[in-house]
Each structure stands twice: as C-alpha cells, then as structure tokens.
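Participant: Please work out how this folds:
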Amino acid sequence: MRFKWNVFLIILTTVLLIGCGDSGQIPTETTQSNESHVGGVDSSMSGPEIQETVVPEPNISGTPVDPVSEMPYQRESLIEKSVKDSETASIGGSLVRLGSDPPTLDPHVATDAVSIMYINEIYGGLVTLDLDLNVVPDIAESWEVSDDGRTYTFKLRSEAVFHDGKPVTARDFKWSFERVADPATQSPVVETYLSDILGVKDKLNGNASSVVGVQVVDDSTLAITINEPKAYFLSKLTYPTSFVVDEDSVTDGSEWMLRPNGTGPFRLWDYDTGMVMRLSRNENYHLGAPYLDEVEFILSGGQGMLMYESDEIHLTGVGRADLARILDPSEPLNAEAVQAPAAFSVGYIGMNVNEPPFDDPNIRLALNYAFDRKTIAEVVLEGLRIPAQGIIPPGFPSFNPDLETYTFDVEKARQLVMNSKYGNDLSSLPRITLNVVGGFGAPVDDDMEAIRRAWEVELGIIIDIQQTAWATFLQDLHDRRYQMFKVGWGADYPDPENFLDILFHSQSENNHASYNNPQVDALLEQARIEMDQSKRFELYNRIEQMIINDAPWIPLWNSGTESYALVKPYVKGFYMTPMSIPVHRYIYMEK
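Facilitator: Predicted coordinates:
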C-alpha cells in the first residue's frame, strides 16, 4: 500500500504534541482499550486499563492481526485447563491488583464494566457463563423449556445460600425481578434485558403491580414466561439485571450496597472509597469455594509497571511505553508476560442523529471517510488496537468479513460535505462538541487527537472536546444529552442481538445515538424470533450493513492481539476471556 505522507504528517504532529500515554493496567479486565465502555459498557477504554474479564496466554508475537481473516477467539478450552489446574491448586493467599471505584454495586442498575466486574464476584443469578462462554447453571441447577419455547422452569440448588447462610429460594428471585421492574428502582437497563418477560413492561410503565411472567412454583422452583420464543433469552439472564438480591438486606437502609448479602464466590469485606476494596472468600459458595482468601483492589491509583516491579501488585497491564522492553526475550520480565485475547468489544464515536449537523447523513459519512484508521492504529496506538470494520467485533457470532465498510477516502469525504445541506459554507455548520471520559485538564487520548486533527486538516471541521467524570458521563449518556460522544461497548453475552438490537433498535434504552430506521427495526424484530441460527445471522449481517450505510457511529477500534499483561509466576489460574465473567474464584497462589 502506498504510504500517505499527509496522513503521516498529521499523525507525527499529533504525537509530538501529546506524547505517549501509559495506562499500566490489565488490558482486559475492567476496561478495554482507550475508550470508556458501556453496557458491556467499559469504563476504561480511557484511563487506567483494567478491562473486563480477560486473561492472556503466554505467546509473544509481533504479528498484527488481520481482522477480516483471523478469528481472535479460537483457542483451547479454558474449562478443560481449569479442571487440570484444580488438581494442583492450593488454598489461601491474597491477590493484589489495581482497580477503580465502581459507579454502583447494585446489580439491578449497573451498566458499566467496572461495576459489573465487582458485581459478578459478589452476586449471582439463575445461570452464568463459563470460561468458554457457554450458558451454564448457576443458582439454578437445571431447567426445562416448554414445547412452545416460551416458559422456562428452573430448579434451584438446595445448597445455594446468601452470604449470611440463608437459603436462596424461588421467592427471593421473584422479589428480585419485581424490584428491578419497579419504576422506583430506576434501572436504566431493565427494559433492555428483561422486557421479554411477560409483565415487565407493564410494571415498569405503572400498568401492573407485579410481573406476571415470573411465578413461584415452590421454594425451589421458579417459572419464567416470555412473550415469544427467543434463542438468546437464557444468555440475557447472565447479565446482572437478573441477579438475586436479599430483600431483608436491600430494605434495611440506603447503605445496603456497602454491606451486600450476595450469593457470589466472594463477599465484600471492606470498601474505602478511593482507597481500597477487599473481597473475601465465600466458603459456602455453591459452585465451590474460591482458592484465594482475599482479592484486594487498590483504588488510590498508581503506576502499574512500577508497582508490579516493586512487588506491590501481582499483575498489571503493559502500556505502549513498556511494550518493546517486555517483548524483548533478554528482558527478565519477558517470561512473566502473557498475551490477552482480543476482547469482544468495539470502541466508537456516536453521533446523535437528531442533533445538527448529524441530522445530515452526509456529514456523518464524511467524518467516517476522512481519517486513516489503519495508520492511526499502527502508528499512534502501536498495534495495540485494530481498526473496527463495523459493529460486530471479529470472532463474535455473526461477524461478517464481507461487510462493506468505510475506507480512508478524503476526496469522497469532501464530496459528502459538499453534498450536505451545508455545502461549501462551513461557517453555517453548528458548533460540534465531542464528550469523552476524563478529568478536568487531563490529556485527550492520542488516537482522538489524531482523528480530530485529520477532520480539521482534511475537511475544515473543528471539533471541541469536553471531558466528564465517568459516573456523570454515564448518566448523561443514558439521558441522551450528548451531540457527539466517544465510548465503547463490550459484549454482555455472546449473541449479535447484544450489539445490534440493544444499540440500534429505535426503542432501545441504549440507542444513545437516537438512531431510527423502520426497516432496521422490522428486521431486528424478525431476528428476535428466528430460531434457525444461520437465518438469524444472515438477518444480522443485513442489519449491520444497513446501519453502516446510515452511519450513526464512527467505528474506531477492536481489541487487538498485541495487548499484554504481566502476571507473577506464582499466580496461577488467571484466565482471560473476551467478556466479563466471574474469574477470580479460579485463581490460586502456587506454594
């Protein structure tokens, strides 16, 4: 490919102005790249990188991944590996790592990856995802599905108890579903994840006093009826919105989240905001007690590499500034480097299609064609991210390698601006503000500076950037207060409905761009009830292409395979997956 010198000069200028940042946190375990994540929302694609549950395999490679031809999540079964490891696992010890304060610890209102990482360890639901991302029993030991595919009858484990030793019953689940559907709970995601259940919308809208689709058969049996048979329904129940909470604990005052009575593998033992969070082993955990005595998250900040090298923490992400050193075989730390699998996530810039100038599709398309994703990924992000070809990340179910997506084409971008209602009079273009996560005065992400500079140089379009603290950003995002925003989405469960329906149906709470295409809505609704997987995926391929053509997003990056972590050699069972699931119960310290 002929090197584009104008692109190089733009990027070189940007890099000289802003330098190289180093997040120093796990490249996959609470956050994801350098964007903030929502839903599967990841709060740290910008900032300390502790991404959602992802653990690397020790394979040091300098070969960039072609997102079209390579599927990043093809590897050995982690379940099989965990079974082998369990034969030699030892009990005890404390794992120390960097963390971030969660916006919430209430599973019924959580929408971000930081909160969900902790919640997954403290709480549980009827089903969960295993290390290979299969839906498996959690508090429910089994279930049956009616002939019409609409009623799921769950049998609960007799040994499942809350942290205080109280048995978990079907009535606890019934109360929890009633709570999350109560308008007073103000869950921003209940309609997204639970509206398939009969009666949830009615209660949420104030038209019913209870959720008729959730029925207690007896203390150990719960029946859930949905409106139509849906292939992905069980997967949705793995999201924290469906987790059981203890009525006595929740109704005992507003501080219940600081002393939650959960059912997960760990208890919240200590939480000092901005300083430290400690999770302790739940000896009575129904899937088997964790090996570790404790997991300690340092919330007060710090430089991950320095803390790792001084033995203050047991694991850390490797930032760009340290990557070359860590990959050098002569470097002692090279033996402790592990490669993270590509996360099922996408970073993007959203544009509110109801707000000028983004009500004009020509402007939205022009911005997509006006910068070189490939060069920015290789030069600015140093191969740690790969350009996003669309919405569905590589390796995810229904990923379409033949998607017709945006190329770098400045002439086309300029023509699109000329075709817009603003024509060659950019003085009439409304002021554009891009909202990103960050503290006041914090440096803007390197990739964003390069993109913003390209828009200014190639199109004459100037973008202002406004930084907002994560919790505030998240609330304003859900309230659709932003004209333009940079964020990311990480998968909650391995089904394309989790990306395309949840983020683009006109009635979805997570459609932050206010995108509305009746044809897309109709196809999404058709895909919901299509039980043939190949036909469903064909529908989702059509839907994704239509959305790309409408351009409510500017897709940026997918997680690459050049992300690395450092893990102390005596820390075992630290498995990384492309999605957030409970993983700390598998970790043990080799003695």
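Participant: could you say which helix or strand contains Q215?
Facilitator: strand 214-218 (DSSP states H and E).
Participant: go on, E144?
Facilitator: Using DSSP H and E, E144 falls in strand 140-145.
Participant: same deal with R528?
Facilitator: Assigned by DSSP H and E, R528 belongs to helix 518-529.
Participant: Can you give the distance of that helix from its chain's centre?
Facilitator: Centre-to-centre, helix 518-529 and its host chain are 24 Å apart (Cα atoms, centre = their mean, to the nearest Å).
Participant: wait, doesn't E497 sit right on A527?
Facilitator: Yes - in this structure E497 lies within contact range of A527 using Cβ atoms under 8 Å: 7.0 Å. For every residue, glycine as well, the C-beta is placed using N, CA and C.
Participant: what do those two both touch?
Facilitator: Y540 (Cβ atoms under 8 Å, 6 or more residues apart in numbering).
Participant: so G302 makes contact with G99?
Facilitator: No - counting by Cβ under 8 Å, G302 sits too far from G99 to count as a contact (10.7 Å).
Participant: ok, these two, which is more surrounded?
Facilitator: G99 (23 against 17; other Cβ atoms under 10 Å).
Participant: ok, now which ones touch the residue lying closest to that one once chain neighbours are set aside?
Facilitator: Excluding its sequence neighbours, the residue lying closest to G99 (Cβ to Cβ, 6 or more residues apart in numbering) is F297, at 3.0 Å. By Cβ under 8 Å, 6+ apart, F297 lies in contact with R97, L98, G99, Y118, V276, M277, R278, L279.
Participant: Mind giving me the PyMOL command for buried ones among these?
Facilitator: Buried members of the contacts of F297, defined by 16 or more other Cβ atoms under 10 Å, are picked up in PyMOL with:
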select buried, resi 97+98+99+118+277+278+279
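Participant: From the contacts of F297, pick the one nearest R585.
Facilitator: L279 (10.2 Å; Cβ to Cβ).
Participant: Give me the buried stretch members for the helix holding R528, please.
Facilitator: Buried residues in helix 518-529 (16+ other Cβ under 10 Å): V520, D521, L523, L524, A527, R528.
Participant: pLDDT value on the third one, please?
Facilitator: L523 is assigned a pLDDT of 98 by the prediction.
Participant: The first one now?
Facilitator: At V520, the pLDDT value in this model is 98.
Participant: just A442 next, same as before
Facilitator: Looking at A442, its pLDDT reads 81.
Participant: S46 now?
Facilitator: On the pLDDT scale, S46 is placed at 30.
Participant: Same check on V379?
Facilitator: The model reports V379 with a pLDDT of 91.
Participant: does it count as helix, strand or coil?
Facilitator: At V379 the chain is in helix, as set by DSSP: H, G, I helix; E, B strand; the rest coil.
Participant: How much space separates it from R385?
Facilitator: To R385, V379 is 12 Å away according to Cβ to Cβ, to the nearest Å.
Participant: Return the distance of L98 relative to M305.
Facilitator: L98 sits 11 Å away from M305, going by Cβ to Cβ.
Participant: now swap in L292 and tell me
Facilitator: Using Cβ to Cβ, we find L292 at a distance of 23 Å from M305.
Participant: Have a look at those two and say which one is more surrounded.
Facilitator: Counted by other Cβ under 10 Å, L292 and M305 do not tie: L292 has more neighbours, with 25 against 22.
Participant: Contact partners for that one?
Facilitator: G92, G93, S94, L95, R281, H584, R585, I587, Y588, M589.
Participant: ditto for A551
Facilitator: Neighbouring residues of A551 by Cβ under 8 Å, 6+ apart: M351, P361, R364, L365, N368, Y406.
Participant: out of everything not next to it in sequence, what's closest to it?
Facilitator: Closest to A551 by Cβ to Cβ, 6+ apart is R364, at 4.1 Å.
Participant: pLDDT score for that neighbour?
Facilitator: For R364, the model assigns a pLDDT of 98.
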